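Trainee: Next comes the sequence, and after it the predicted model I'd like to discuss.
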Amino acid sequence: MKAAVVVFPGLNRDRDMIAALTKIGGEAPAVVWHKDAEIPKVDLIVIPGGFSYGDYLRVGAIAARSPVMQTIRERAAQGVKVMGVCNGFQILSESGLVPGVLMRNASLRFVCREVRLSVVNADTDFTRGYAQGQIIRCPVAHHDGNYFADAETLRAVEGNGQVAFRYAEGTNPNGSINDIAGVFNSSRNVLGLMPHPENLIEAAHGGTDGRALFATLLAA
């Protein structure tokens, strides 16, 4: 599977994501600058984490208006898989590619810690490497990860199997509604998640719980 990583000014997890995709997929992804409207023909597009544009307006809001996002919307509509992690999740939300919004953490503080995640929907190209209901470890590092959706949207997300992961075992770090840590679009080819699976893929990281997501995805 060919992948591309989209880079915005202010991101700081692009190298981590590139390393994860290269190590697990065996091929370095294409790297696309946000002002480029063209993306090579790939099977997976990833927006990594960080602080695009310094979060000076609203997290992900400026990045969502970059030229590359229209191309990503078009590719997603064609069935190309898209994943946004942390700031990437915020950008996908601001772009309308996944439902809901990301607000400031309930604590009003930046959080950087390990959490537990429950795999809610294991029947997707992103999650088939896990068992339904499996509890995995994953690090988080964010200030605006509090997922929220209005009642109607939340009913649709829950009813359509669009919840990918929930914070488990009392480890919700940000106040996200229904403990939601990651959501799909209605077609389940776009995933936004707040935790960082790319930072737990080998023993040197202290564990490999994030590896199955990439291994399954890159083999799809």
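Mentor: Structure received.
Trainee: can you map out the strands along this structure?
Mentor: Remark: strands assigned in the chain by DSSP state E are 3-7, 30-33, 44-47, 81-85, 101-103, 111-119, 135-142, 146-148, 163-168, 180-184, 190-193.
Trainee: could you dump these to CSV with mean neighbour count and mean pLDDT?
Mentor: Using the backbone N, CA and C atoms, a C-beta is placed for each residue, glycine as well. Output for the strands of the chain, formatted as CSV (neighbours: other CB atoms under 10 Å; pLDDT from 0 to 100):
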stretch, mean neighbour count, mean pLDDT
strand 3-7, 24, 97
strand 30-33, 16, 96
strand 44-47, 28, 98
strand 81-85, 25, 98
strand 101-103, 21, 97
strand 111-119, 18, 98
strand 135-142, 20, 98
strand 146-148, 23, 98
strand 163-168, 22, 98
strand 180-184, 28, 98
strand 190-193, 28, 98
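Trainee: in this protein, what spans have low per-residue confidence?
Mentor: By pLDDT under 70, the chain has no low-scoring segment.
Trainee: Do a quick rundown of the helices in it.
Mentor: Using DSSP state H, the helices of the chain run over residues 14-25, 67-77, 87-94, 151-159, 211-219.
Trainee: Pull up the gap between the nearest residue to Glu114 once chain neighbours are set aside and Asp123, please.
Mentor: Closest residue to Glu114 apart from its sequence neighbours, by CB to CB, 6 or more residues apart in numbering: Pro139 at 5.3 Å. Going from Pro139 to Asp123 by CB to CB, to the nearest Å gives 25 Å.
Trainee: and the nearest residue to Cys86 once chain neighbours are set aside, what does it touch?
Mentor: The shortest distance from Cys86 to any non-neighbouring residue, by CB to CB, 6+ apart, is to Gly49 (3.1 Å). Gly49 sits next to Leu11, Asn12, Arg13, Met17, Val85, Cys86, Asn87, Gly88, Ala141, His142, His196 when contact means CB atoms under 8 Å, 6 or more residues apart in numbering.
Trainee: Also Val119?
Mentor: Residues near Val119 by CB under 8 Å, 6+ apart: Thr127, Tyr130, Ala131, Gln132, Gly133, Gln134, Ile135, Ile136, Ala164, Phe165.
Trainee: Ala151 - how many residues pack around it?
Mentor: 8 (other CB atoms under 10 Å).
Trainee: ditto for Leu57
Mentor: Neighbour count for Leu57, taken as other CB under 10 Å: 12.
Trainee: One more: the one 10 residues further on?
Mentor: Pro67 is surrounded by 12 other residues when neighbours are defined as other CB under 10 Å.
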